[in-house]
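Undergrad: got a structure for you, letters missing:
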């Protein structure tokens, strides 16, 4: 099929993106954090739950050296576990839970949005009503309820976040698919004898993906933040497996003698969420040249 | 306009009914049994059955649902399974605490957020960038963590502010002046936490909304016909940027309520959010149902409020004969 029949794809203005300081910072931070998380065994001090002599090694302040000559860059917690090591292994959990939850919600949103945008009539009405209904549900209440349904785990958090986060993607995709379906190239493809499913998959969806990229960048930060909230309440990733949320929760009890235990994962969380937000803002501006680098309203956090 | 409002109200009612129904069945499907939690591990099967029967938890789900709905509509919200106290009294105590905290933080957040966003949209790029860094950081900070950090600094290090609760132990015995001081001191940290985060989000939004208006052709026209920059900002930019801000206000009305769940939990603030967390963890069905219903009602009321306010502000919507 001749590709020139397509409308020009809304490709991000890559040059502008590379000059955008927000994009450079955001992508840089995410790449560094991702690389450190992947290389966790190389850059950490052994296992995330390794304990030595608890009495001798607990509550060591940052940069302290313990009796074995081991330096703890971020100190140790009340069990004498190295906070830096737990932070890195926690990054693995937090980042992958965030990414998988966003992937799930994007997959759900794509399906619902594509079907609602492409098939008219009762299907659209029902799906849009469902989306509006799901948007009106109080997310925090729903998260609390769903998270208590089964035994808390990382998988449950992914499912819960995925199933409560697809609505905005569905709306974006629906609008995009609807406007694309009315374009002449769709009629042309129909005339060439392609089936509706083929047209949707080959011609419409690839063109509707651009707003999804922005939603994904902003959504990952949001999902990481929500995972931490659930784990903080004890409804997410369970200790001794470290996640930034349950690290903050355990640091809460030792705020007086060891403030670094709660401070470190919180700072990491803020840096990563800021990076996702800035990257999302930059990509959105690059996708829409009419905005002239001015970010438009977003309100992604509940 | 009125017909459109009536239709919106009907949709809102349907949403509330849906939320309530969904919550009811989700809660009952969850493992975890309030009776077992109540009677403890030493209870015999016969005792458990008797207690279940006494609470009508042994009847079919649909029957329980219908009975609950009927009683709830008549204003009988039942008693908490965990504590035995009436749900209305439990929530009645919690609502003023939440309204105090959330209402004040909402007011302060909008006051400072709109001011910061407007400054960003009109100031030099350098000032805008600096403020953007600050607001995006505040926007990213988890409320419970910011709360903990503030407690660390102001309670443990500086020893100037209390870390939890709404009043001191001797709060009820104090005279008017000291009583107010005690209340304000307890309010300071949770209020600061919620407000700082709120300012971050709102300033980001307001800045974006104002920049969107600044890019419109009618602003260029206003400048071209010789309107002073100050007048352009006041009469054209601010007024048009107000519409999305008002919509946000309606949307953030319940968001701050639910966002307060974690902050209330961290500060042991006796509000609806903390009650809700405790009730969910204890499978305290009547309390969860009532709290969820109240929060769902707040969500849809917030949305409706936004619609009405926007119609009131925007003549294009107010005078539209046929709603779209």
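TA: Cool, the structure landed. All of these numbers come straight from a predicted model, not from anything done at the bench. Numbers count the residues shown, from 1 in each chain, chains lettered A, B, ... in the order given.
Undergrad: okay, CA-based contacts and neighbour counts for the rest of this
TA: Noted.
Undergrad: Tell me the buried residues in stretch A:78-88?
TA: A:78-88 (16 or more other CA atoms under 10 Å in any protein chain shown).
Undergrad: Below-threshold pLDDT in the stretch 51-200 of chain B: ranges please.
TA: Scanning the stretch 51-200 of chain B for pLDDT under 70 picks out the ranges B:169-171.
Undergrad: For it, list the residues in contact with chain A, please.
TA: Contact residues, the stretch 51-200 of chain B versus chain A (CA under 8 Å from any CA of the partner chain): B:136-137, B:140-142, B:145, B:148-149, B:152, B:156.
Undergrad: Swap in 10 Å and give it another go.
TA: Within the stretch 51-200 of chain B, the positions adjacent to chain A are B:121, B:133, B:135-146, B:148-149, B:151-153, B:155-157 by CA under 10 Å from any CA of the partner chain.
Undergrad: among the residues you listed, which ones are buried?
TA: Among these, those classed as buried by 16+ other CA under 10 Å are B:121, B:135-146, B:148-149, B:151-152, B:155-156.
Undergrad: Take these and keep only those in strands.
TA: Among those, no member is found in strands (DSSP state E).
Undergrad: picking that back up, just put the buried residues of stretch A:78-88 in TSV and tack on secondary structure and pLDDT.
TA: Formatted as TSV, the buried residues of stretch A:78-88 follow (DSSP: H, G, I helix; E, B strand; the rest coil; pLDDT from 0 to 100):
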residue	secondary structure	pLDDT
A:78	coil	77
A:79	coil	79
A:80	coil	76
A:81	coil	83
A:82	strand	83
A:83	helix	85
A:84	helix	88
A:85	helix	87
A:86	helix	89
A:87	helix	90
A:88	helix	90
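Undergrad: Going by distance to chain B, which of these wins?
TA: Nearest to chain B, judged by CA to the nearest CA, of those is residue A:87 at 15.5 Å.
Undergrad: For that closest one, which non-adjacent residue is closest in space?
TA: residue A:265 (6.3 Å; CA to CA, 6 or more residues apart in numbering or on different chains).
Undergrad: Point me to the residue sitting farthest from the middle of chain A.
TA: Distance to the chain centre peaks in chain A at residue A:191, reaching 40.5 Å (criterion: CA atoms, centre = their mean).
Undergrad: show me the residues around it that make contact.
TA: Applying CA atoms under 10 Å, 6 or more residues apart in numbering or on different chains, we find residue A:191 in contact with residue A:185.
Undergrad: Check the gap between it and residue A:120 for me.
TA: Noted for residue A:191: a distance of 20 Å to residue A:120, by CA to CA, to the nearest Å.
Undergrad: what does residue A:50 give?
TA: Relative to residue A:120, residue A:50 is positioned 58 Å away (CA to CA).
Undergrad: what's the burial count for the residue in the stretch 1-150 of chain B positioned nearest to chain A?
TA: Nearest to chain A in the stretch 1-150 of chain B, going by CA to the nearest CA, is residue B:30, at a distance of 4.4 Å. Other residues near residue B:30 come to 15 when the count uses other CA atoms under 10 Å in any protein chain shown.
Undergrad: Model confidence at it, what's the number?
TA: Note for residue B:30: predicted pLDDT of 70.
Undergrad: go on, residue A:101?
TA: pLDDT, residue A:101: 94.
Undergrad: I'd say it and residue A:159 touch.
TA: Yes. The criterion here is CA atoms under 10 Å, and residue A:101 meets it with residue A:159 at 6.6 Å.
Undergrad: Whichever residue of the stretch 201-324 of chain B sits closest to chain A and residue B:196: what is the separation?
TA: Across the stretch 201-324 of chain B, the shortest distance to chain A (CA to the nearest CA) belongs to residue B:208, at 4.1 Å. Note on residue B:208: its distance to residue B:196, by CA to CA, is 19 Å.
Undergrad: Please enumerate the helices of the stretch 201-302 of chain A.
TA: For the stretch 201-302 of chain A, applying DSSP state H, counting those that start in this stretch gives helices covering A:205-208, A:210-232, A:244-253, A:259-287.
Undergrad: Per-residue pLDDT of the residue farthest from the centre of chain A, please?
TA: Confidence at residue A:191, expressed as pLDDT, is 90.
Undergrad: what stretches of the stretch 101-250 of chain A score poorly on pLDDT?
TA: Judged by pLDDT under 70, the stretch 101-250 of chain A has its weakly predicted residues at A:136, A:138, A:149.
Undergrad: What about residue 23, how many residues nearby?
TA: Because you didn't say which chain, this covers chain A. Neighbour number of residue A:23 under other CA under 10 Å is 23.
Undergrad: Chain B was what I was after
TA: Residue crowding around residue B:23 was assessed by other CA under 10 Å; the count is 22.
Undergrad: repeat for residue A:194
TA: 15.
Undergrad: how near is it to chain B?
TA: Distance of residue A:194 to chain B, given as CA to the nearest CA, to the nearest Å: 34 Å.
Undergrad: I'd say that residue and residue A:185 touch.
TA: No. Contact criterion CA under 10 Å: residue A:194 and residue A:185 do not qualify, at 11.8 Å.
Undergrad: per-residue pLDDT, residue B:259?
TA: As summarised for this prediction, residue B:259 has a pLDDT of 54.
Undergrad: repeat for residue B:320
TA: 58.
Undergrad: what's around residue B:158, how many residues?
TA: 10.
Undergrad: One more: residue A:140?
TA: Residue A:140: 22 surrounding residues under other CA under 10 Å.
Undergrad: what about it, helix or strand, and which?
TA: Residue A:140 belongs to helix A:139-149 when assigned by DSSP states H and E.
Undergrad: What confidence value was assigned to residue A:297?
TA: Residue A:297 carries a pLDDT value of 42.
Undergrad: follow-up on the earlier one: my understanding was that the residue nearest to residue A:87 contacts residue B:145; is that so?
TA: Yes. Assessed by CA under 10 Å, residue A:265 is found in contact with residue B:145 at 9.4 Å.
Undergrad: Mind listing the shared neighbours of these two?
TA: Listed as contacting both residue A:265 and residue B:145 by CA under 10 Å, 6+ apart are A:245, A:248.
Undergrad: Against which helices or strands is the helix holding residue A:140 packed?
TA: helix A:154-163, helix A:210-232, helix B:2-29, helix B:238-266, helix B:272-281, helix B:285-313 (3 or more CA pairs under 10 Å, 6 or more residues apart in numbering or on different chains; DSSP states H and E).
Undergrad: Have a look at chain B and report its longest helix.
TA: The single longest helix within chain B, with elements called by DSSP state H, is helix B:176-214.
Undergrad: any residues touching whichever helix or strand comes after it, and which ones?
TA: Moving toward the C-terminus from helix B:176-214, the next helix or strand (DSSP H and E) is helix B:217-224. Defining contact as CA under 10 Å, 6+ apart, one finds that helix B:217-224 is touched by B:213-214, B:225, B:227-229, B:231-233, B:235-237.
Undergrad: Could you save those residues as CSV and add columns showing neighbour count?
TA: Output for the contacts of helix B:217-224, formatted as CSV (neighbours: other CA atoms under 10 Å in any protein chain shown):
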residue, neighbour count
B:213, 19
B:214, 22
B:225, 9
B:227, 14
B:228, 12
B:229, 13
B:231, 13
B:232, 19
B:233, 20
B:235, 13
B:236, 16
B:237, 24
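Undergrad: So which of these would count as near chain A as well?
TA: Restricting these to those touching chain A (CA under 10 Å from any CA) yields B:213-214.
Undergrad: ok, and the closest non-adjacent residue to the residue nearest the centre of chain A?
TA: Nearest residue to the geometric centre of chain A (CA atoms, centre = their mean): residue A:220, 1.5 Å. Closest residue to residue A:220 in three dimensions, ignoring its sequence neighbours and counting by CA to CA, 6+ apart: residue A:98, at 5.4 Å.
Undergrad: Which helix or which strand is home to residue 42?
TA: By default, I'm working from chain A. For residue A:42, the host element (DSSP H and E) is helix A:40-43.
Undergrad: What mean pLDDT does that helix get?
TA: 78.
Undergrad: which residues are in contact with that helix?
TA: With contact meaning CA under 10 Å, 6+ apart, helix A:40-43 is reached by A:34, A:36-37, A:46-48, A:84-92.
Undergrad: buried stuff in the helix or strand that it is followed by?
TA: Sequence order places helix A:54-57 as the next helix or strand after helix A:40-43, per DSSP H and E. By neighbour count on 16+ other CA under 10 Å, the buried set for helix A:54-57 is residue A:57.
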